[in-house]
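**Q** One predicted model, sequence on top.
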Amino acid sequence: MERSLKVIYFKSMNILAIDFGTKNIGLAWSDTQIGVTLPFGVVHSMDDLVKVIKEERLDKIVVGLPVGVGGSGDFNIKRVKKFVSDLKEKTKVLVDYCDERFSSQEADSMGGDATRDEKSAMVILEAYISENRLK
């Protein structure tokens, strides 16, 4: 009996995750082919973020969506969606959302030197990659 081996190739994706806050915008980065998520800094304005995005060769941006525990959080959801609308207009990069519930708590339990904002972005990105089976 002859067996055939089917090989599936996945396109590597260069993804930036954003934990959007009123004071800080935490960033995390991953190349799905490498399979590692890394902290990528903190910026404080849309202009700084756009500069970072334009310097990198990103395939996608993932933004944490602040859905409340009971599905609430309308004000913050509207704030993030407005931010994403402005971001899309300025960068033309594909943007997707990921539920960020409990990302700050998980970030607080992580070790290392990255800021809480970067760690939250890392949690968001890992969840997104896992949910979408990008590894």
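**A** Alright, I've got the coordinates.
**Q** quick one: which helix or strand includes the most centrally placed residue in the chain?
**A** Central residue of the chain (CA atoms, centre = their mean): A17, 1.9 Å from the mean position. Here A17, judged by DSSP states H and E, is contained in strand 14-20.
**Q** Okay, now the sheet partners of that strand, with direction.
**A** strand 25-31 (antiparallel), strand 60-65 (parallel) (DSSP bridges).
**Q** for the last one, the distance to its chain's centre please.
**A** Averaging C-alpha positions (CA atoms, centre = their mean, to the nearest Å) puts strand 60-65 4 Å from its chain's average.
**Q** for stretch 47-60, same thing?
**A** 13 Å.
**Q** For that stretch, buried residues please.
**A** Neighbour-count burial for stretch 47-60 flags 49-50, 52-53, 58, 60 (criterion: 16 or more other CB atoms under 10 Å). The C-beta positions use only the backbone N, C-alpha and C, and glycine is treated the same way.
**Q** In JSON lines, list the residues you listed along with pLDDT, distance to R79 and secondary structure.
**A** JSON lines is the format used below for those (pLDDT from 0 to 100; distance: CB to CB, whole Å; DSSP: H, G, I helix; E, B strand; the rest coil):
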{"residue": "L49", "pLDDT": "96", "distance to R79": "15", "secondary structure": "helix"}
{"residue": "V50", "pLDDT": "96", "distance to R79": "18", "secondary structure": "helix"}
{"residue": "V52", "pLDDT": "95", "distance to R79": "21", "secondary structure": "helix"}
{"residue": "I53", "pLDDT": "95", "distance to R79": "19", "secondary structure": "helix"}
{"residue": "L58", "pLDDT": "92", "distance to R79": "23", "secondary structure": "coil"}
{"residue": "K60", "pLDDT": "95", "distance to R79": "21", "secondary structure": "strand"}
